[in-house]
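Participant: could you work out the structure for the sequence below:
(one chain, ligands or ions: 4)
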Amino acid sequence: MHHTPNASVDFHLHSTASDGELTPARVVALAAAAGVRQLALTDHDTMAGLAEARLASEAAGLELVDGVEISSLWASQDIHVVGLGVRSRDARLLERLASQAERRRQRAAAIGARLQKLGLEDPLQQAAELAPRGLPARPHFAQVLVAQGRCRDRKQAFQQYLAQGKPAYVRTAWPELETAVRWIREAGGVAVLAHPGRYRLTRKKLRRLVQGFSAAGGQALEVSVSTHSPDMVKQLADLTVEFALYASQGSDYHGPSMRWVQVGRMPRLPSVCRPVTDLLAGRSRG
Ligand code: AMP
Ligand code: MN
Ligand code: MN
Ligand code: MN
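Facilitator: Ligands and ions are numbered 1, 2, ... in the order given. Purely as a prediction, here's the structure:
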């Protein structure tokens, strides 16, 4: 993949608070080393890493935007919505994220049962040992599949067991996309459609998703993501113009084992885009 020099903004990062491999403080240190100046920690359905990230960012002189990545559904498909600049102590958002944790807990039990039937040893318990607060996400089950010799690597574990339609895939009753947008906005955040190029949608369906997201109060698209092709970046930039949305950028870093994703590395935002940093800056002044 072709990358420009490191970006100074990375608004999509994961830590051990969800399915990342490094602690929040280590992620912040990597960001500082990569020349990032503004970052958002966006763990899946939790803000548990933000306090540690805040301390580390202040020590390193980086600007931290409090973030979260919420799992939702649109047209029965898993869609992720990043919230930027949310109030990390918002009681209602914390309660809503607790409901997400409960959905995850039930799903983990069901995935564990499926894998046990497929002959794995104590899959739920082993995944829980690898996971924050004993609450495993699919990558933790993928690690168990690799550790027990069922798969070569985590990617294969998804392809053979955990991805949609595979034997250990369990449908989750995530909130609708518009609900996730509302949760973020009611906590004072900016709602960003996460990695729109990763949902394998046709051009037409992607446009419908963006239209629905915009109608629901969504404010920005993640245009620049490490895994987006140049064509996808262009397509998304055009959609931000068509729907008057801002553009965000992020690596979606999860840790060193995915060597092709690095903190601060992503395509450059096309010049037609209005960067979401403009919106965030305007809000903090207002
Ligand atoms: P969950 O939130 O528990 O449904 O897990 C989804 C996470 O699994 C994503 O955020 C990615 O980190 C990871 N993931 C999803 N699909 C794949 C894949 N095909 N290969 C490797 N990791 C994946
Ligand atoms: Mn993840
Ligand atoms: Mn995601
Ligand atoms: Mn992510």
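Participant: pLDDT at the residue of the chain most remote from its centre, what is it?
Facilitator: Within the chain, residue 119 marks the point farthest from the mean C-alpha position, 30.9 Å out by CA atoms, centre = their mean. In this model, residue 119 is scored at 97, pLDDT.
Participant: ok, the one 5 residues further on next?
Facilitator: The model reports residue 124 with a pLDDT of 98.
Participant: isn't it right up against residue 110?
Facilitator: No. Using CB atoms under 8 Å as the test, residue 124 is too far from residue 110 to be in contact (9.4 Å). C-beta coordinates here come from the backbone N, C-alpha and C atoms, glycine included.
Participant: more neighbours: which of those two?
Facilitator: With neighbours defined as other CB atoms under 10 Å, residue 124 and residue 110 compare such that residue 124 has more, 20 against 16.
Participant: double-check that the more buried one belongs to a helix.
Facilitator: Yes. Assigned with DSSP: H, G, I helix; E, B strand; the rest coil, residue 124 falls within a helix.
Participant: which residue, other than its chain neighbours, is closest to it?
Facilitator: What sits nearest to residue 124 in space, not counting adjacent residues and going by CB to CB, 6 or more residues apart in numbering, is residue 112, at 2.8 Å.
Participant: quick one on the thing from earlier: would you mind grabbing the residues shared as contacts by residue 124 and residue 110?
Facilitator: Counting by CB atoms under 8 Å, 6 or more residues apart in numbering, no residue touches both residue 124 and residue 110.
Participant: may I have the secondary structure class of the residue farthest from the centre of the chain?
Facilitator: coil.
Participant: for ligand 3, what's its nearest residue on the stretch 101-250 of the chain.
Facilitator: Ligand 3 sits closest to residue 194 of the stretch 101-250 of the chain, with a gap of 4.8 Å, by CB to the ion.
Participant: skipping adjacent residues, who's closest to that residue in space?
Facilitator: residue 80 is the one closest to residue 194 (CB to CB, 6+ apart), at 3.8 Å.
Participant: bridging residues for that neighbour?
Facilitator: Counting by DSSP bridges, residue 80 is bridged to residue 71.
Participant: in contact with the residue nearest to residue 124, which residues?
Facilitator: By CB under 8 Å, 6+ apart, residue 112 lies in contact with 123, 124, 125, 127, 141.
Participant: okay, and it sits in which element?
Facilitator: Secondary structure from DSSP states H and E places residue 112 in helix 91-117.
Participant: buried sites along that helix?
Facilitator: Neighbour-count burial for helix 91-117 flags 93, 96, 97, 100, 104, 107, 108, 110, 111, 112, 114, 115 (criterion: 16 or more other CB atoms under 10 Å).
Participant: so is it next to ligand 1?
Facilitator: No. Using CB under 6 Å from any ligand atom, helix 91-117 never reaches ligand 1; the gap is at least 6.8 Å.
Participant: ok, how many other residues are close to the nearest residue to residue 180 once chain neighbours are set aside?
Facilitator: The shortest distance from residue 180 to any non-neighbouring residue, by CB to CB, 6+ apart, is to residue 72 (3.8 Å). Around residue 72 there are 21 other residues, counting by other CB under 10 Å.
Participant: show the pLDDT at the closest residue to ligand 4 within the stretch 151-286 of the chain.
Facilitator: Proximity to ligand 4, evaluated over the stretch 151-286 of the chain using CB to the ion, is greatest for residue 252 at 4.5 Å. On the pLDDT scale, residue 252 is placed at 98.
Participant: no more questions from me, cheers.
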